[in-house]
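**Student:** Starting from these lines, generate the structure:
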Amino acid sequence: MERLTGFDALPVNAEAGAMNIHITSLLVVDPRRAGPGFDAERLYDLLVQRLPLNPLIRLRLVHKPFRIGQPVFVDDPDFDVRKHLYRLAVPAPGEPAQVAALIDDIHRHRLGHDKPLWEAWVVDGLAGGRLAVVFKFSHTLADGVGAVNRLLPTVLSPDPDHDPELPEPVAPAPLPGTGVLLADWIAEAAGNVVGAARVVGRGTPQLGRMVARRLIDMAGAPLRPRPGDDADPRLRAAPADTPLNRPITERRNSAYADVSLDRLRDIAAAYGGTVNDVFVAACTSALRQWLLVHHTVPDAPLQVFVPISTRSSADDDAFNDWSLALVRLPVFLEDPVERMQVIHGAINRVKSDRGPSGPAVDVADLFQFVPPSLLTLAANTYVREEVAPLRPPFFHACFSNIPGPQEPLWLGGARLEGIYPFAPLFEDMNLNLTAVSYDGRFGLGVVGCPDNVPDVWEITRAWEAGIDELDRLRPQ
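**Tutor:** Numbers count the residues shown, from 1 in each chain. I've put the predicted structure just below:
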């Protein structure tokens, strides 16, 4: 039995209304290297054999009575991989549009807590004879980097002729009873007293400044200039109110694309930035183009939620290990080169604010002290229609860039061709653009709420056009 931290449990404690906090990943597989016998049935059988060998796959969430403390993970004594694994066929012609429509329906539905927090589908009928695996898992089970480091190696190998070596699972214990859970709550409460004292002693001054500034950011108030801050003063205005921060519904709309990672590196080097700078700049161009067509480009910034991994190494076995950063986007600037320069400065500012060792107290630390029942109540209150007029535009989108393996990976001799992630939406955030780099490609997954952003393929094409524009204008 392993007790979750408040931050790890946040995705299940804060799910409310149309907010389903899970990640869906599309893995496209080319079976030609494996020979004519490799079909959807063979792929399904391989997953049946391999998935149960990963301990994460068998973890089941158990809530304490009345949710008075953080839930625990246990090895599910009733685990059956076939209760999680399904088969589908994508309609002809099996192009990305048909695959994305299938993902729309998979991604919209919430995972139940009565079994381990994941599901997977083997998908047949993709164009060119390809197969796919669509894997959906709760953000409580892993963040993006954790999924790459701890879930992918279950079934994928860098050697086409040999499967990954994993230990056989041991027999699980029975589910913990009420007495065991209450005893764990007492230990948790005692630990929280000590933890709270440590937080207060370690970071009270810094915490006060950080929380005040974060509340100002999230409440949409103008930012005060700081020494050396010579960016466009419009970036300090309150975030704009646009259709991108309307309340979401239960529906989802998905799209995906990929570009050469070397190309992004070359563009980044020409501007003196990073691949992530280019990614965010292209995302900003896409949002600007969408506003030009569907609304109006505001004379104020958009604000995006950018998760930053804080894992110390690839062996970090935390379920979630990241911190939150808010970045204001200069969508009002017409010149893409100027936008790129401002974004590079904004991201560097986020990094400098964190410092080499991060803040003394991170916002994530504070979730440890919030009772799950209170957090669930707050989330359900927040998403109520009556509260909508009172909510400021916290953030308009989420941009996330996840480094993945750069060598080709194989599943039973079939080559993994691409990885495309589809991440959550939040109550007033209608777009999520998340990317994973793999084997020289940069795979983008876009998720939107179609009731506010009707066509996310439009966003995807505008993102690709933003990269083309930066490439064409880059300094020689």
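
**Student:** make it CA atoms for all contacts and neighbour counts henceforth
**Tutor:** OK.

**Student:** who's in contact with Val331?
**Tutor:** If you count contacts by CA atoms under 8 Å, 6 or more residues apart in numbering, Val331 has them with 284-285, 287-288, 297-298, 300-302, 339.

**Student:** Try it again at 10 Å.
**Tutor:** 235, 281, 284-289, 291, 297-302, 339 (CA atoms under 10 Å, 6 or more residues apart in numbering).

**Student:** what secondary structure does it sit in?
**Tutor:** Assigned state for Val331: coil (three-state reduction, DSSP: H, G, I helix; E, B strand; the rest coil).

**Student:** related to what we said a few turns ago, buried subset of the contacts of Val331?
**Tutor:** Among these, those scoring as buried are 235, 281, 284-289, 291, 297-298, 300-302, 339 (criterion: 16 or more other CA atoms under 10 Å).

**Student:** among these, which are in helices?
**Tutor:** Per DSSP state H, helices hold the following members of those: 281, 284-289, 291, 339.

**Student:** next one: the helix or strand encompassing Ile23 to chain centre, how far?
**Tutor:** Applying DSSP states H and E as the criterion places Ile23 in strand 22-30. Taking CA atoms, centre = their mean, to the nearest Å, one finds the center of strand 22-30 at 13 Å from the center of the full chain.

**Student:** pLDDT of the helix or strand following that strand, averaged?
**Tutor:** Next helix or strand after strand 22-30 toward the C-terminus (DSSP H and E): helix 40-50. The average of the pLDDT scores along helix 40-50 is 95.

**Student:** Tell me the strands beside the very next helix or strand once past helix 40-50, with direction?
**Tutor:** Per DSSP H and E, the first helix or strand lying C-terminal to helix 40-50 is strand 59-62. Here strand 59-62 is paired, per DSSP bridges, with strand 72-75 (antiparallel).

**Student:** Now the partner strand - C-alpha only, PDB.
**Tutor:** The C-alpha trace of strand 72-75 is given here as PDB (Å, rounded to 0.1, in the frame of the first residue of the first chain):
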ATOM      1  CA  VAL A  72      -3.700   5.000  -1.500                       C
ATOM      2  CA  PHE A  73      -2.500   2.800  -4.300                       C
ATOM      3  CA  VAL A  74      -2.600  -1.000  -3.900                       C
ATOM      4  CA  ASP A  75      -1.800  -3.900  -6.200                       C
END
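
**Student:** now stretch 72-88: mean pLDDT?
**Tutor:** Mean predicted confidence for stretch 72-88 is 97.

**Student:** In that stretch, which residues are buried?
**Tutor:** Residues 72-76, 79, 81, 84-85 are the ones in stretch 72-88 that count as buried (16+ other CA under 10 Å).

**Student:** Tell me if I'm right that His84 and Ala120 touch.
**Tutor:** Yes. Between His84 and Ala120 there is a contact at 6.2 Å, judged by CA atoms under 10 Å.

**Student:** now, which of the contacts of Val331 sits nearest Leu4?
**Tutor:** Of all the contacts of Val331, Leu4 sits closest to Leu302, with 33.5 Å by CA to CA.

**Student:** and the closest one, what does it touch?
**Tutor:** Leu302 neighbours (CA under 10 Å, 6+ apart): 235, 237-242, 244-245, 284, 287-288, 327-332, 393-397.

**Student:** try 8 Å this time
**Tutor:** Contacts of Leu302 (CA under 8 Å, 6+ apart): 239-240, 328-331, 395-396.

**Student:** Helices of the stretch 301-450 of the chain, residue ranges please.
**Tutor:** Here the stretch 301-450 of the chain has its helices, by DSSP state H, counting those that start in this stretch, at 336-354, 363-366, 372-382.

**Student:** can you redo those as CSV with mean pLDDT?
**Tutor:** Below are the helices of the stretch 301-450 of the chain laid out as CSV (pLDDT from 0 to 100):
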stretch, mean pLDDT
helix 336-354, 86
helix 363-366, 72
helix 372-382, 94
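
**Student:** Done for today, thanks.
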